[in-house]
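A.B. asks: coords please:
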Amino acid sequence: MGDLTRKQECMLRKSALIAERSSWISRYQDISKFLLPYSGRFIASDRNRGDRSFNSIYDSTATSALDILTAGMMAGMTSPARPWFRLATPDRDLMEFEPVKWWLNDVTELMRDIFAKSNTYNALHSLYEELGAFATAASIVEDNFENVIHHTTLTAGEYAIATNEQGRVDTLVREIEMTLHQVVAKFVRQPDGSMDWSRVSPQTKNDWDTHKNLDKWMPIVHIIEPRATRDVRRKDAQNMPVASCYFEPGNDPSGEKFLRVSGYKRFPVLAPRWHVRGGDVYGNGPSFRALGDIKQLQQEQLRKGQAIEYKVKPPIQVPAERRNSTVAQLPGGVSYIPGLGAGPGAKTLFEVDLDLSHLLEDIGDVRQRINRAFYADLFLMISQDNRRTPAT
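C.D. replies: Residues are numbered from 1 along each chain as shown. This is a model prediction of the structure:
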């Protein structure tokens, strides 16, 4: 790409993918607001926030329906309680060869043990929830010394993806924040205990040397994409088919430093999408169709609460001359109002006789539409089916 450095190429690719994703962000924000306030990261500093507001959710029907969908997908496809997969070979005749059958069985059992001991099942559950809510999900699967594999599950807004000519996701870029301590532990400290400061910016090294807030958050960019040029004869990480690059977007006067440049033999990201239309990169799914109903349900529940409040505690009118009198409004309360005489006492400001039956009927109808959109009735029916396949 002309005279651009590799880091400049990565920055341009990141900017292009973020711009391509921008039209989806408003939809993701609505879904996060009315369905999953604890999901979605739309700016890097959104991480680790305990003040996310649930004030827009007056009825949890949609969130419960999403929970049912997530549990149904988990139990139906990747349940840790049953053997949900087994290995095979494309050659059916080879499958009949006894040593091959034993080998496939042993490897299948080994994979199940690895999945159970790692965070695979927790990650899959989060992946299904993201998929049901945002119709696109992503999890990075990497080697791990202790558990063989480790999943890093992402949430909507903190990553962007791109596809190849076949419509398959082959690129992921994410903007994250890491503490200074985490950056040093991951990219500077070597296995032998030595420190390699050549990869970080001078500002980062100075902050560490002066012990300047080791827990401050630093912006980091991570991009995973097909490697454009490589030496196929070499098998090192810098020449694998898929490139992985970490770098600081700022504080680098040279503009060429990478925290880490490595690679993978194959694309390490699980990136399922619910439905993809035409040349779309991102998916659309149940929450997209149900979002209007979800907003309507919250509005109706708000109005219902206001109506009940009017009936239970209606506004009252009191003669002006009794402004300083005390009126007990709780059940059984007794009010002593001086100079009441034959004049009017406290009474309701207007007649409160609201019929909520039609509103309740419509709320029930909206709830049914939301449950249908998330296939909640279907998954509940399957979970309650006690029939068993007869033995053969």
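A.B. asks: When you work out contacts or count neighbours from here on, use the C-alpha atoms and nothing else.
C.D. replies: OK.
A.B. asks: quick one, helices of this protein?
C.D. replies: Counting by DSSP state H, the chain has helices at residues 6-34, 61-77, 92-95, 98-117, 120-134, 180-183, 202-209, 286-312, 357-373, 376-383.
A.B. asks: Can you say which of the ones you listed is packed in most?
C.D. replies: Mean neighbour count, computed with mean count of other Cα atoms under 10 Å, is highest for helix 120-134 among the helices of the chain, reaching a mean of 23.
A.B. asks: what packs against that one?
C.D. replies: If contacts are counted by 3 or more Cα pairs under 8 Å, 6 or more residues apart in numbering; DSSP states H and E, helix 120-134 sits against helix 6-34, helix 61-77, strand 138-144, strand 148-154, helix 286-312.
A.B. asks: how about a cut-off of 7 Å?
C.D. replies: Secondary-structure packing of helix 120-134 (3 or more Cα pairs under 7 Å, 6 or more residues apart in numbering; DSSP states H and E): helix 61-77, strand 148-154, helix 286-312.
A.B. asks: taking the mean pLDDT, what do you get for the longest one?
C.D. replies: Confidence over helix 286-312, taken as the mean pLDDT, stands at 91.
A.B. asks: before we move on, back to that, to residue 40, which of the helices and strands packed on helix 120-134 lies closest?
C.D. replies: strand 148-154 (8.9 Å; Cα to Cα).
A.B. asks: strands paired with that closest one, and their directions?
C.D. replies: Sheet pairing of strand 148-154 (DSSP bridges) gives strand 138-144 (antiparallel).
A.B. asks: Now the helices and strands packed on helix 120-134 in JSON lines, please, with extra columns for distance to residue 12.
C.D. replies: As requested, the helices and strands packed on helix 120-134 are exported to JSON lines (distance: least, Cα to Cα, whole Å):
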{"stretch": "helix 61-77", "distance to residue 12": "36"}
{"stretch": "strand 148-154", "distance to residue 12": "22"}
{"stretch": "helix 286-312", "distance to residue 12": "30"}
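A.B. asks: Tell me which of those sits nearest to residue 14.
C.D. replies: Proximity of these to residue 14 was assessed by Cα to Cα; the nearest stretch is strand 148-154, lying at 16.6 Å.
A.B. asks: buried stuff in that closest one?
C.D. replies: 149-151, 153-154 (16 or more other Cα atoms under 10 Å).
A.B. asks: Pick out whichever of those sits closest to residue 384.
C.D. replies: The closest of those to residue 384 turns out to be residue 153 (Cα to Cα; 30.5 Å).
A.B. asks: show me what contacts the residue nearest to that closest one when sequence neighbours are not counted?
C.D. replies: Closest residue in space to residue 153, ignoring its immediate chain neighbours: residue 139 at 4.2 Å, by Cα to Cα, 6 or more residues apart in numbering. Neighbour list for residue 139: 151-154, 269-271 [criterion: Cα atoms under 7 Å, 6 or more residues apart in numbering].
A.B. asks: who's in contact with residue 73?
C.D. replies: Counted by Cα under 7 Å, 6+ apart, residue 73 has contacts residue 128.
A.B. asks: and the gap between it and residue 279?
C.D. replies: Residue 73 sits at a distance of 26 Å from residue 279 (criterion: Cα to Cα, to the nearest Å).
A.B. asks: picking up where we left off before, got the buried residues of strand 148-154 as CSV, with pLDDT columns?
C.D. replies: Listed next are these as CSV, based on pLDDT from 0 to 100:
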residue, pLDDT
149, 95
150, 96
151, 96
153, 94
154, 94
